[in-house]
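Visitor: structure of the sequence below:
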Amino acid sequence: MKKLLLVINTLGRAGAEMALLGLLNNLDKAEYDVSLYVIMAQGEMIKQLPDHVKVLNERFNHQSVLSKRGRWSMMKTSIAAFFRNGACASKLRYLLKTCLTMIKAGNFQMDKLLWRVLSDGAQRFDETFDLAIAYIEGGSAYYVADHVKARKKAAFIHIPYENAGYTREMDQGCWDKFDRIFAIADKVKEHFATFYPEYAKKIEVLHNIIDRDAICSRAMEKGGFDDDYTGLRILTVGRLTYQKGYDIAIEAMKLLQDFGCEAKWYVLGEGEQRKKLEKKIADLELQDSFYLVGAVENPYPYYRQTDLYVHATRFEGKSIAIQEAQALGCAIIASDCNGNKEQIINHEDGVICKLTPRSISENIKLLLENKEKRKALGRAARDKVISEDSELHLLTELLT
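Guide: As a prediction, this is how the structure comes out:
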């Protein structure tokens, strides 16, 4: 039996974590001895891991990484990592140098700053694995590259790399140590190869794997919208971050009201921008039409019950939320960033629009007023031929 180790930064409710579950569920437990290590040792999705997956963390915090208590817990984890395994002077020099570089570039990002420290301060294991997989960029990639013993190493890239704030100085040559680098979409591969042309021959595309049967089954469970509203509903699923473009969505909702379009917009997700977005909603007097619902354990009944799914993001690798909406036959509007355009054929199985309040609102209005068009787009999305599940061999062939 081959020994596999997968490493991820957190197990919070987000796209990469959902894709990890899909991968774990597709690994043959009779053929692979699968272990998982979570750099931050935190996240509510720990409860959804398959039974055959062995979690190597000595302790694990089930709190959401986006809750107030969860963020406080992550701060304590980061402080502990600074002192664990020694080399505190080296860690401090790295923090100061990287912090100054970020400030000069006008792109300070706390998580990027701390990933190297968290990696160096994580648990170490004497065991040698047949294959170690860093399932996301950042801390898990640094950890697998520098601190894991394995006969083969692979890494996954989920985002357009140059947009995410990483630099060669942060990475410190970690990609040299991987036998294969998997991008989850063609454009993600293209962006990474542009950033690191010397690794172009190492990169392959391995799309996110989702369990469509499980999604459709969970969509029929109790849950979903619990208000008395009987009109048209718009849904978006994703963390409350700058990347997801909710500030633009809120302005689009204001234009919809100005157009006389009666609808309500619901957002499932949590994040650091909640207070900022709540203020914008209040300033535009949209408290009764744009709702930040928060993170929910089962989002799929909402997909099933919505009239329109909107995914207006600033940038995207490949969206799990779009894949889920397609699996459940939603009519979809998405912004024209590369990742979204790779998932949707405009006016065939969804609508692609510009990332402006006017373009978003006008396209929403057109679809909300055309029920037959929504149904046709939803059917095409559900029937879309998707062959990603057959690509798992690209990963497992590293073991041969």
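Visitor: tell me which strands and helices the longest helix along the chain is in contact with?
Guide: The residue-count maximum for a helix in the chain (DSSP state H) belongs to helix 88-105. Contacts defined by 3 or more Cβ pairs under 8 Å, 6 or more residues apart in numbering; DSSP states H and E place helix 88-105 against helix 110-120, helix 168-171. In short, each C-beta sits where N, CA and C put it, glycine included.
Visitor: okay, the ones you listed, which one's buried deepest?
Guide: Ranked by mean neighbour count under mean count of other Cβ atoms under 10 Å, these are led by helix 110-120, which reaches a mean of 21.
Visitor: how far off centre is it?
Guide: A distance of 18 Å separates the centroid of the chain from that of helix 110-120, by Cα atoms, centre = their mean, to the nearest Å.
Visitor: just want the angle from it to helix 88-105.
Guide: Per axes from the mean of the first three to the mean of the last three Cα atoms, to 10 degrees, the angle that helix 110-120 makes with helix 88-105 is 160 degrees.
Visitor: from the contact counts, what lies against helix 110-120?
Guide: Short answer (3+ Cβ pairs under 8 Å, 6+ apart): helix 110-120 packs on helix 68-83, helix 88-105, helix 139-147, helix 168-171.
Visitor: tell me what the third one is packed against?
Guide: Taking 3+ Cβ pairs under 8 Å, 6+ apart as contact, the helices and strands that helix 139-147 lies on are strand 2-8, helix 110-120, strand 128-134, strand 149-157.
Visitor: and those: which comes nearest Thr77?
Guide: Closest to Thr77 of the helices and strands packed on helix 139-147, according to Cβ to Cβ: helix 110-120, at 7.5 Å.
Visitor: before we move on, the earlier item: weakest of the helices and strands packed on helix 139-147 in terms of mean pLDDT?
Guide: Mean pLDDT is lowest for helix 110-120 among these, at a mean of 84.
Visitor: just the residues contacting that helix, thanks.
Guide: 9, 39-40, 77-78, 81-82, 85, 87, 91, 94-95, 98-99, 102, 138-140, 142-143, 146-147, 164-166, 170, 172 (Cβ atoms under 8 Å, 6 or more residues apart in numbering).
Visitor: pull out the buried members of those.
Guide: 9, 39-40, 77-78, 81-82, 91, 94, 98, 102, 138-140, 142-143, 147, 164-166, 170 (16 or more other Cβ atoms under 10 Å).
Visitor: before we move on, back to that, will you turn the helices and strands packed on helix 139-147 into a markdown table that also has distance to Gly339?
Guide: What follows is the helices and strands packed on helix 139-147, written out as a markdown table (distance: least, Cβ to Cβ, whole Å):
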| stretch | distance to Gly339 |
| --- | --- |
| strand 2-8 | 20 |
| helix 110-120 | 20 |
| strand 128-134 | 20 |
| strand 149-157 | 12 |
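Visitor: of all the ones you listed, which lies closest to Pro357?
Guide: That would be helix 110-120 among the helices and strands packed on helix 139-147, by Cβ to Cβ, at 28.5 Å.
Visitor: by how many degrees do the closest one and strand 2-8 diverge?
Guide: Using the same axes, to 10 degrees, the inter-axis angle of helix 110-120 relative to strand 2-8 is 140 degrees.
Visitor: surely Asp349 touches Ala376?
Guide: No: under the criterion of Cβ atoms under 8 Å, Asp349 makes no contact with Ala376, lying 9.3 Å away.
Visitor: give me the more crowded residue out of these two.
Guide: When Asp349 and Ala376 are compared for neighbours, Asp349 comes out ahead with 20 against 15, by other Cβ atoms under 10 Å.
Visitor: so what's the backbone phi/psi at Leu206?
Guide: Torsion angles at Leu206 (phi, psi; degrees, to the nearest 10) stand at phi -130, psi 100.
Visitor: if we can go back for a sec, need the helices and strands packed on helix 88-105 in a markdown table with distance to Glu297, can you?
Guide: A markdown table is the format used below for the helices and strands packed on helix 88-105 (distance: least, Cβ to Cβ, whole Å):
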| stretch | distance to Glu297 |
| --- | --- |
| helix 110-120 | 24 |
| helix 168-171 | 34 |
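Visitor: and the residue lying farthest from the centre of the chain, backbone torsions?
Guide: Relative to the C-alpha centroid of the chain, counting by Cα atoms, centre = their mean, Gly260 is the outermost residue, at 34.3 Å. Dihedral pair for Gly260: phi 80, psi 20, per degrees, to the nearest 10.
Visitor: Pro51 belongs to a helix, doesn't it?
Guide: Let me fix one detail, which is that residue 51 is Asp and not Pro. No: read with DSSP: H, G, I helix; E, B strand; the rest coil, Asp51 is coil and lies in no helix.
Visitor: how many neighbours does it have?
Guide: The tally of other residues near Asp51 (other Cβ under 10 Å) stands at 6.
Visitor: Arg124 versus that one, what's the distance?
Guide: 26 Å (Cβ to Cβ, to the nearest Å).
Visitor: cool, Ser335 as well?
Guide: Going from Ser335 to Arg124 by Cβ to Cβ gives 42 Å.
Visitor: neighbour count winner among the two?
Guide: Set side by side, Ser335 and Arg124 show more neighbours around Ser335, with 24 against 10, by other Cβ under 10 Å.
Visitor: how about that one, what does it touch?
Guide: Under the criterion of Cβ under 8 Å, 6+ apart, the contact list for Ser335 reads Gly245, His311, Ala312, Thr313, Arg314, Ile352, Cys353, Lys354, Leu355, Ile360.
Visitor: ok, now with 7 Å
Guide: Ser335 makes contact with Gly245, Ala312, Thr313, Cys353, Leu355 under the criterion Cβ atoms under 7 Å, 6 or more residues apart in numbering.
Visitor: ranking the residues you listed by neighbours, who comes first?
Guide: Counting by other Cβ under 10 Å, Ala312 has the largest number of neighbours within the contacts of Ser335, with 27 neighbours.
Visitor: now do the same contact list for that residue.
Guide: Gly245, Ile248, Ala249, Ala334, Ser335, Leu355, Ile360.
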